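**Q** I would like the atomic coordinates for the input below:
(chains A, B, C, D, E, F, G and H)
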There are 8 protein chains.
Amino acid sequence: MTEESLRELLESIQAGKQSVDDVITRLRAMPFEDIGFAKIDHHRSIRCGFPEVIYAEHKTPDQVAAIFDRCVRAGTNVIATRASCQVYDAVVGVCDKAEYHEVARAVTLRQQEAVPSQGTVAIVSAGTSDLPVAEEARVTAEIMDQRTATLYDVGVAGIHRLFAHSESLQSASVAVVVAGMEGALASVVGGMVECPVIAVPTSVGYGASFHGLAALLGMLNSCAAGVTVVNIDNGFGAGYTASLINRRRESKQE
Amino acid sequence: MTEESLRELLESIQAGKQSVDDVITRLRAMPFEDIGFAKIDHHRSIRCGFPEVIYAEHKTPDQVAAIFDRCVRAGTNVIATRASCQVYDAVVGVCDKAEYHEVARAVTLRQQEAVPSQGTVAIVSAGTSDLPVAEEARVTAEIMDQRTATLYDVGVAGIHRLFAHSESLQSASVAVVVAGMEGALASVVGGMVECPVIAVPTSVGYGASFHGLAALLGMLNSCAAGVTVVNIDNGFGAGYTASLINRRRESKQE
Amino acid sequence: MTEESLRELLESIQAGKQSVDDVITRLRAMPFEDIGFAKIDHHRSIRCGFPEVIYAEHKTPDQVAAIFDRCVRAGTNVIATRASCQVYDAVVGVCDKAEYHEVARAVTLRQQEAVPSQGTVAIVSAGTSDLPVAEEARVTAEIMDQRTATLYDVGVAGIHRLFAHSESLQSASVAVVVAGMEGALASVVGGMVECPVIAVPTSVGYGASFHGLAALLGMLNSCAAGVTVVNIDNGFGAGYTASLINRRRESKQE
Amino acid sequence: MTEESLRELLESIQAGKQSVDDVITRLRAMPFEDIGFAKIDHHRSIRCGFPEVIYAEHKTPDQVAAIFDRCVRAGTNVIATRASCQVYDAVVGVCDKAEYHEVARAVTLRQQEAVPSQGTVAIVSAGTSDLPVAEEARVTAEIMDQRTATLYDVGVAGIHRLFAHSESLQSASVAVVVAGMEGALASVVGGMVECPVIAVPTSVGYGASFHGLAALLGMLNSCAAGVTVVNIDNGFGAGYTASLINRRRESKQE
Amino acid sequence: MTEESLRELLESIQAGKQSVDDVITRLRAMPFEDIGFAKIDHHRSIRCGFPEVIYAEHKTPDQVAAIFDRCVRAGTNVIATRASCQVYDAVVGVCDKAEYHEVARAVTLRQQEAVPSQGTVAIVSAGTSDLPVAEEARVTAEIMDQRTATLYDVGVAGIHRLFAHSESLQSASVAVVVAGMEGALASVVGGMVECPVIAVPTSVGYGASFHGLAALLGMLNSCAAGVTVVNIDNGFGAGYTASLINRRRESKQE
Amino acid sequence: MTEESLRELLESIQAGKQSVDDVITRLRAMPFEDIGFAKIDHHRSIRCGFPEVIYAEHKTPDQVAAIFDRCVRAGTNVIATRASCQVYDAVVGVCDKAEYHEVARAVTLRQQEAVPSQGTVAIVSAGTSDLPVAEEARVTAEIMDQRTATLYDVGVAGIHRLFAHSESLQSASVAVVVAGMEGALASVVGGMVECPVIAVPTSVGYGASFHGLAALLGMLNSCAAGVTVVNIDNGFGAGYTASLINRRRESKQE
Amino acid sequence: MTEESLRELLESIQAGKQSVDDVITRLRAMPFEDIGFAKIDHHRSIRCGFPEVIYAEHKTPDQVAAIFDRCVRAGTNVIATRASCQVYDAVVGVCDKAEYHEVARAVTLRQQEAVPSQGTVAIVSAGTSDLPVAEEARVTAEIMDQRTATLYDVGVAGIHRLFAHSESLQSASVAVVVAGMEGALASVVGGMVECPVIAVPTSVGYGASFHGLAALLGMLNSCAAGVTVVNIDNGFGAGYTASLINRRRESKQE
Amino acid sequence: MTEESLRELLESIQAGKQSVDDVITRLRAMPFEDIGFAKIDHHRSIRCGFPEVIYAEHKTPDQVAAIFDRCVRAGTNVIATRASCQVYDAVVGVCDKAEYHEVARAVTLRQQEAVPSQGTVAIVSAGTSDLPVAEEARVTAEIMDQRTATLYDVGVAGIHRLFAHSESLQSASVAVVVAGMEGALASVVGGMVECPVIAVPTSVGYGASFHGLAALLGMLNSCAAGVTVVNIDNGFGAGYTASLINRRRESKQE
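**A** Residues are numbered from 1 along each chain as shown, chains lettered A, B, ... in the order given. Sure thing, here's the model as predicted:
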């Protein structure tokens, strides 16, 4: 269901072609279709401006494929995150145009023409091991029509690497900073840029990193204002919010 | 130092009026003045678009007043957060136009003409006890020239209160959601709006709230995408980031 | 041993057919039979109104089958929770009428005629991944003769899904709310209903969910009164207590 | 607003005396009156069957008195919990019939005739230091028209004290068990009774009790089914839920 | 090295047969033999009254067998704990009289004639899943010449099972109480007996048991005096200390 | 009530002077007298061999004095722990022979002739700040008729201080080791002695000592077998258990 | 006791002027003098190269003064840390040359001529609130004869402040980095210098800083090699270890 | 790039052979080569005095081999830590002189002639299971040209083993102490030596060791000054810092 079809429906009331009750009944049924084990929220693209996202982690390949299939039919772009190859194989069985992003562990399908954003989402990551999370953020932002610029492996221990790219950083509209261990990169970037920074702690590390807790606490306590934080390893949430920030700006300029 | 004076300085090089070394020497000295116990960063308004913020919590009234005084002379707007009445009394001694926001525990001074934002920062809070943190966010956003709309005492246990105001919420450009106890309000608001949500856990609660930990974890695990989180009780950080998001949008429209 | 046989035993004292000492001796021996690695508590159906429950998690299939067998002979209904297929295979070897609930990971055997309750136990869950726990609650309530109504996949991020079913929720006698991540669903439901709510945090989530800790703390700090909490993933405990609440009401009406 | 007045309002629509829109407008306004710092939810007695409860902990005496005053005018029973003497003094200033329960730290006002419940809420506590929490549960249950039976200072270390009262325990409809330190009392009572047990961990203890965490975890892991848990020191929540369980039973018997 | 041979050595100094330096040199070399990856402490049987104990958990089967072999040659009793079948197979290769205790996961070798203690070490456990830890305590105590009495599966939820055996409990010299989940059994036993109680929390449980943390905290906060605690799952430590307490008593009576 | 008076009571049944029911009635009433806010357990000296202990921490001076008074009348020795001067002043008002131990924060009254133990309880402490806990252990052991030997300020950082006293340590029957910070002293002592070691972590320290957690975890993980642990700062529990261990040995020798 | 006097003592044996036993007896007595509540370790200056340090936190002013007095008589330099003005007043009563460092909360007395080190200990701190800890490190290093260079208020959010001083940093022999909140400064400095870095987390911060835990974990997980960590707020430990590193180097050069 | 080639480059500016811009351009490019998934920092040997270290844990064998290959070409010594056999096999494919240290799980390549240090790095470990971490420290120190002395299996429970080697310990320049469980060894060694001690907690242990947390907290709270701590299991960090301390001393002596 697109905003167009919703408008048609509502105008049919105004025009007296349908009773209010009938429309209410249809609307109540439409927001989500019950396919047994999950309710798919097609209204989300109206309420929140974006397609349904499928979190594949605790679902079987077949469950993901079935949900994916419904989303395809709704005509929107689709993204499934935390998707293994097995999941991708199942999805391809129902939708052969689906694309797999191996490092990001994501499956995407673009069904609507891309209108690239003017501003850029910078995605900065500290180490090689943080790549899957950074890539999840990038793939998410791109399926949401954002231009992205990546700046990987620029950890704080060799801070000159980061400064070599400061120009590129300072021209971004939003920065997503992905780092494990002590997560100090978020504070350093936060002190260098004017734009909002979304910090993503990763579970990279060992011992007293406590599976990302050290980076999470570090980022929450950042001495740089303008830094907000998402859950450990939540590349999707960071890419999604970055898109929300950047995209609204564009749409409102008109 | 304003952007204007920086530009003049740099053009004086181009025009051959000063050597590069001289300018570097001046610049290196200027970013912060050393007043013994703290370095004040007047360049921040160039680098990050906002004046120095004074975190008064662990400073003596006299220390705060001294830093405030320097900021006043720099000509920018000033804000001191976590300021007790004692702090305010000391600040007023050096700057009689400073204003005290009792609930927000903030001292502000406006020295530059306000240019109110077009979009609105919605500030939503769950309970009466969350007010100080919500007000800190509001005062911060307003000294940064944001229009704000407040929606207080709309906790999840009586969720109809929130829905009675859904229109006002949905028209905001950014939402700051302030809640203690289980922090569920952030997820509910996150599911209702299209704009980015900045969640502020508060230390309101007792027992297993563990001084805000329950709300913090709840918000980090929000099932609503588009929610990012700041430190417990960090109303300032939320107001600041909300302003960053909203303000950039406007300035870029020109 | 049924209540009937206990009564006979006690009346035999009254009638002088047995000495008090003899009866005490028999009773002391009867409450549990020692089968080497576990003591089975047949008296429970007298003391607490329900059959022995077998927690299969840390037991071998053969151990579960042996305990199940003893329970079968006692004539009561039986339930084994956290049972893998291997466990079920072993149980079927000793009792071919045992039924397997795959999603709930439970084995049940009904030996006593069901007398369905008048009131309903509503079982509400937030996401697809919470299903095993929700189903464990449902299967438990049903083997204890409760009518149940399920409302699955109605997470807080799309709160209109929940409100579409508010009527069904409000007519329940007890609500079991199953949710992982931030667990906000318990507070929202708690604010919508008049009946007691039993909240079950699940280990669904990642990162700062800390295996269910975030949901657990969130539920314990619920701003809605009338919400009590059981252990993480403890669908059985929730279903059991819900039955206790509902069943007592009915039996006392007579 | 009572259920009666709501019914009248709705019948006025049916009778064509008011338009639907007018009624909606009135209803939307009525649920809560805005008194500046808090929204009071007078509809709660319709939705949830009980009056507004005032949590006084983080409020000033004057704030509590103001909210109390509004509740008094609504004609319902009122209870303010976590109320210091100072709070009571302020409340008495606006309502001289308010009663102070010193140990429970609660202020109550009974405005509606009591209709005592048939079943009994047993309130069991482990040690002398747990009294304030146990009393908060008792006062809450009584303002909600419950009969209560108290069984104090029956900790597990001298378990014969508890067994001396087992008859009284076993005749209860619901049991509230209040204990700090290791919280073992909840499991022991849970194994003795047929009715639901609401366990309240208290912050009584020192060292590794970690302000009630030990008791909380102990109760959540209770090996006795039928035990649910509320927040540390949350005597109110336990008394409230116990009333909910017991009261529904009675009202439905008619 | 036995106490006898030590005495001979020291008397040889007194008698002037060896210089002090020579003896010191010999003694410094003797306490442990270096076999490459571990130093074996043969003096322990002099200093502490018991043979070397081999903790097999993080060692390879071959490493355990090599250490076991050295201990065998020292003539003392030997025990290896946390030993898998693979470890046992390797040990049997060097010592065919070694005995495997499967549930306890221990390998023992008795080389010195047993002199059973007069008093009894009671070993009490809560559930079937606690058996491995309880058995480790029993096997340890028995290789240290203690009489033991076991009381298994007597959890608090069915407390009458425990009371049925109270006589046996009350005649023990020391009680080892093994329990997971909430660990309440330690407090209940501690309130029933006069002798010291050694509480062993186990990692049995799920969710908020946090791998034994709930039981550990519960036991540390026991309201019964006379209860001391060892590490989670440390059946060996409990059996060892219980033996120390009981054995010293006997040996000093002579 | 002493063991003597209990025996008389029971013999009166045997002699037919009282009915069983009468005696049961009297016994059930006697174990604890209800004085309103606490039940005093006079039977404890029969069941557990020691008088009631009063934990004064969360009680008012008057409450402690009232309980103390009842205990005095029972004729046993009495001890109140965690007692401030205010508590002592109140106690002296009802019992002028009560003695105050300032460092240990304990009030004691000896009413029964002391029969000093043969073996010695060694009390070892790491630093000056651990003294209150060590002294609480000493005072407890002495009111329970134990000989004690104290070895204070022998922390691990200057380990030669400890070794200078190793002889005295090795002749003890039980050792109580009191240490904060990292708690290493327990392991070192545990490796030096043959007797059981009761480790008492203290809350002495700062930062990452987390109020005694570091010492507690250290002691629970002691690499020395024979070490058991009590709650943080629980000097009483350590002194009590040490007495239990030592005293039983003596009484059984007869 | 100085090394000189120890040597004299030992040579008196060699020369036959004293028996070995006599010397042993004197030495055993000398290392620490018992003054009732604390053992002072005068041998430390021989074993570890530095005087006794008095940790004043949990001691009374009189206790500190008494210990200080003994140290003064030993002729060494003395330092008391965590000393309030009250403590200083008491110390001055026994030693009028003692000096008070108010910010560092330390009392020092120099009795031996200073021989300043060649290398420099750089002390770097992030914010104004970290000053007391940084100053404690500085005062400690200086009483141990180190040259120090301080670089205060150079937090990561304005990283150019730090780089403005990079030359001074890079010429240091050891760097002590003091930071609260997220502690990122340690990683940044660690990536800039060749020398060892000692990181001191401080308890500065609020909310999710959890009293320094965030900074502590951040520093332990530093991505820069060469960083080691001391306890939260342990400025003394950092200054002491830095001196150890720097001083050894110098002394060995001779 | 060696310091030599850097100097040549800079002198070419001085000599007017290259423009400053050209040199800046070359330098900016050189510090790290981008090979797709990781930036290798060849400048590190200039800035920090040591070659790039490859942390192999979360990298594929092929990724490690590719990075290793680049490092080999830079002519420096190379070390890859946390390397499995599979990683070694891949590395040998590109560099057949690479050496595998199985226990330490490290791959090294020496390309520069060793100049052994004068002072010694002592590596002390508590138990057999701590060997991998201790060996990682040793291999790291040795590839950095340090003399090492190992003292393994000298845990605190048999403290005489440690004292038998005290001479060797006291002659070390730096001590690395590796211990799991309670980590007490660090404090004991810290009290015995004059040199700095780097403590490495290991994850060896079970139950309340919480994967190394107990040892970590213990070491951070060490009562011995001069002890600093690295992350759990971070043998590399300890070996690296120890080398830094020792090596600087030597290089500066010239």
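**Q** ok, which residues in chain A are in contact with chain D?
**A** Applying Cβ under 8 Å from any Cβ of the partner chain, we find that chain A lies next to chain D at no residue. C-beta coordinates here come from the backbone N, C-alpha and C atoms, glycine included.
**Q** Most proximal residue of chain A with respect to chain E?
**A** For chain A and chain E, the shortest gap (Cβ to the nearest Cβ) falls at A:Phe210, measuring 13.3 Å.
**Q** Check for me that that residue belongs to a strand.
**A** No: counting by DSSP: H, G, I helix; E, B strand; the rest coil, A:Phe210 falls outside a strand, being helix.
**Q** How about the contacts made by it?
**A** A:Phe210 sits next to G:Leu217 when contact means Cβ atoms under 8 Å, 6 or more residues apart in numbering or on different chains.
**Q** next one: A:Asp69
**A** A:Val94, A:Cys95.
**Q** Now the residue in chain A positioned nearest to chain C: which helix or strand?
**A** As assessed by Cβ to the nearest Cβ, chain C sits closest to A:Ile232 within chain A, at 2.9 Å. For A:Ile232, there is no helix or strand it lies in under DSSP states H and E.
**Q** quick one: low-confidence parts of the stretch 151-254 of chain A?
**A** For the stretch 151-254 of chain A, applying pLDDT under 70 flags the ranges A:248-254.
**Q** For it, just list every one of the helices.
**A** Per DSSP state H, counting those that start in this stretch, the stretch 151-254 of chain A has helices spanning A:159-163, A:166-170, A:185-192, A:213-220, A:235-253. These are given in chain order.
**Q** C:Glu57 is nearest to which of those helices?
**A** Taking Cβ to Cβ, helix A:213-220 is the member of the helices of the stretch 151-254 of chain A nearest to C:Glu57, at 27.3 Å.
**Q** ok, the closest one near chain C or not?
**A** Yes: against chain C, helix A:213-220 shows contacts by Cβ under 8 Å from any Cβ at A:Leu213, A:Leu216.
**Q** Quick one: list the elements packing against that helix.
**A** In terms of contacts (3 or more Cβ pairs under 8 Å, 6 or more residues apart in numbering or on different chains; DSSP states H and E), helix A:213-220 is packed against helix A:185-192, strand A:197-201, strand A:227-229, helix G:213-220.
**Q** Return it as CSV; C-alpha atoms alone will do.
**A** The C-alpha atoms that make up helix A:213-220 are tabulated as CSV, following Å, rounded to 0.1, in the frame of the first residue of the first chain:
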residue,chain,number,x,y,z
LEU,A,213,30.2,-3.3,27.3
ALA,A,214,33.5,-1.3,27.6
ALA,A,215,32.9,0.4,24.2
LEU,A,216,29.2,1.0,25.0
LEU,A,217,30.0,2.7,28.4
GLY,A,218,32.8,4.7,26.8
MET,A,219,30.6,6.0,24.1
LEU,A,220,27.7,6.9,26.5
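**Q** how distant is that helix from the center of its chain?
**A** In terms of Cα atoms, centre = their mean, to the nearest Å, the centre of helix A:213-220 is found 21 Å from the chain centre.
**Q** Hmm, C:Gly207 and the residue of chain A closest to chain C touching each other?
**A** Yes: contact criterion Cβ atoms under 8 Å: A:Ile232 and C:Gly207 qualify, at 2.9 Å.
**Q** so where do the strands sit in chain A?
**A** A:32-34, A:39-41, A:53-55, A:78-81, A:99-101, A:106-109, A:120-125, A:147-151, A:174-179, A:197-201, A:227-229 (DSSP state E).
**Q** between the ones you listed, which one is nearest to chain F?
**A** Closest to chain F of the strands of chain A is strand A:197-201 (Cβ to the nearest Cβ; 21.0 Å).
**Q** orientation of the closest one relative to helix A:213-220 in degrees?
**A** 170 degrees (axes from the mean of the first three to the mean of the last three Cα atoms, to 10 degrees).
**Q** Does chain G have contacts with strand A:197-201?
**A** No: on the criterion Cβ under 8 Å from any Cβ, strand A:197-201 is out of touch with chain G, staying 10.2 Å away.
**Q** For that strand, name the packing helices and strands.
**A** Using 3+ Cβ pairs under 8 Å, 6+ apart: strand A:197-201 touches helix A:131-143, strand A:174-179, helix A:185-192, helix A:213-220, strand A:227-229, helix A:235-253.
**Q** what's the spacing between the closest residue to A:Asp89 other than its chain neighbours and chain G?
**A** In space, A:Asp89 comes closest to A:Pro61 once its chain neighbours are excluded; the distance is 6.9 Å by Cβ to Cβ, 6 or more residues apart in numbering or on different chains. Counting by Cβ to the nearest Cβ, to the nearest Å, the separation of A:Pro61 from chain G is 36 Å.
**Q** what's the closest non-adjacent residue to the residue of chain A found nearest chain B?
**A** Nearest residue of chain A to chain B (Cβ to the nearest Cβ) works out as A:Thr228 at 3.6 Å. Nearest non-adjacent residue to A:Thr228, counting by Cβ to Cβ, 6+ apart: B:Thr228, 3.6 Å away.
**Q** what's the answer for A:Ile54, then?
**A** A:Ala80 (4.0 Å).
**Q** In contact with the residue nearest to A:His58 when sequence neighbours are not counted, which residues?
**A** Counting by Cβ to Cβ, 6+ apart, C:Ser129 is the residue found nearest to A:His58 once chain neighbours are left out, at 3.7 Å. Counting by Cβ under 8 Å, 6+ apart, C:Ser129 touches A:Glu57, A:His58, A:Lys59, C:Gly180, C:Thr202, C:Val204.
**Q** pLDDT at C:Ser129, what is it?
**A** With respect to pLDDT, C:Ser129 scores 87.
**Q** do the same with the one 3 residues further on
**A** At C:Pro132, the pLDDT value in this model is 95.
**Q** Same check on the one 4 residues further on?
**A** Reported pLDDT at C:Glu136 in the predicted model: 97.
**Q** now swap in the one 5 residues further on and tell me
**A** At C:Ala141, the pLDDT value in this model is 95.
**Q** Verify the stated contact: it with C:Gly119.
**A** No: taking contacts as Cβ under 8 Å, C:Ala141 lies outside contact range of C:Gly119: 11.2 Å.
**Q** more neighbours, those two?
**A** C:Ala141 (28 against 21; other Cβ atoms under 10 Å in any protein chain shown).
**Q** before we move on, the earlier item: from chain F, how far off is the residue of chain A closest to chain E?
**A** 14 Å.
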